[in-house]
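Peer 1: Sequence and predicted structure, then a few things I'm wondering about:
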Amino acid sequence: MKKWKIDRIISVATLVSSALALFLVLKKPQPVAPPQPPAVAAANAQSFQTKVEQFEQAKEPGKPPAEIRLNSEEVGAALMQAASTIPMSSMQPAAAPGIPTSVPSSPDAPIAAGEPEVKDYQVNFDGDVARGQFVTKIAGKDVYVTLAGHLGSKDGYATFDPTEFKVGDLNVPVSLVNDALQKKLSEQKDRLKLPDNVGEMKVENGQLVMTQK
């Protein structure tokens, strides 16, 4: 009888934990950046483009390499503008081990793997950390994914070392997703190649900094 009670308690605790995890996955987290009104977003996207065009001008002999500094509002606006012109099927993220890519209807429902579509990007730079957030439609429900880490460059390619990963409001240990993330980045290395005139890229003092070769 005592064993039955213990088993029952464990079963109830497991069910409650599963329901809580599901609730946290579906819960909308705090946004990483405030929304930009259309006019502000357009101005920031234009500012991004102007700075990039100036940066792309050839380095003058005898002068130090040019540097470009972009704030998160400019990068976020440019990213959203670019996302609106790219098919969603080409912007699907990698599935990480242990991370559901479909939301079950109940704690006992099976979890199916897949590659969801993504939308509604947000970007924020805090110190030397880049933080991004997007919405993915899974099983007809919006699920928020938040990823933060250190953005850098090596041998002409962008690099990313994650420090935070969240699904909804549920924190996921970075150790569970880093191997899958790095593998995916390696598989898509061509997309991470920096322009030939970029020598270094990093996040510094809340800005994305790129230095010309």
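Peer 2: Sure thing, it's come through.

Peer 1: Identify, by residue count, the longest strand of the chain.
Peer 2: Across the chain, the longest stretch assigned as strand under DSSP state E is strand 141-154.

Peer 1: What are the boundaries of the strands in this structure?
Peer 2: Per DSSP E, the chain carries strands over the ranges 67-70, 117-126, 129-138, 141-154, 157-167, 170-171, 198-204, 207-212.

Peer 1: Least reliable of those strands by average pLDDT, please.
Peer 2: Of all the strands of the chain, the minimum mean pLDDT falls on strand 117-126 (a mean of 80).

Peer 1: Neighbouring strands of that one in the sheet, and parallel or not?
Peer 2: Its sheet considered, strand 117-126 pairs with strand 129-138 (antiparallel) by DSSP bridges.

Peer 1: now the partner strand and strand 198-204, what's the angle there?
Peer 2: Per axes from the mean of the first three to the mean of the last three CA atoms, to 10 degrees, the angle that strand 129-138 makes with strand 198-204 is 90 degrees.

Peer 1: what angle do strand 129-138 and strand 157-167 make?
Peer 2: Going by the same axes, to 10 degrees, strand 129-138 is angled at 60 degrees with respect to strand 157-167.

Peer 1: when you compare where strand 129-138 runs with where strand 207-212 runs, what's the angle?
Peer 2: Going by the same axes, to 10 degrees, strand 129-138 makes 110 degrees with strand 207-212.

Peer 1: May I see the buried residues of strand 129-138?
Peer 2: Residues 130, 131, 132, 133, 134, 135, 136, 138 are the ones in strand 129-138 that count as buried (16 or more other CB atoms under 10 Å). (Each C-beta comes from the backbone N, C-alpha and C, glycine too.)
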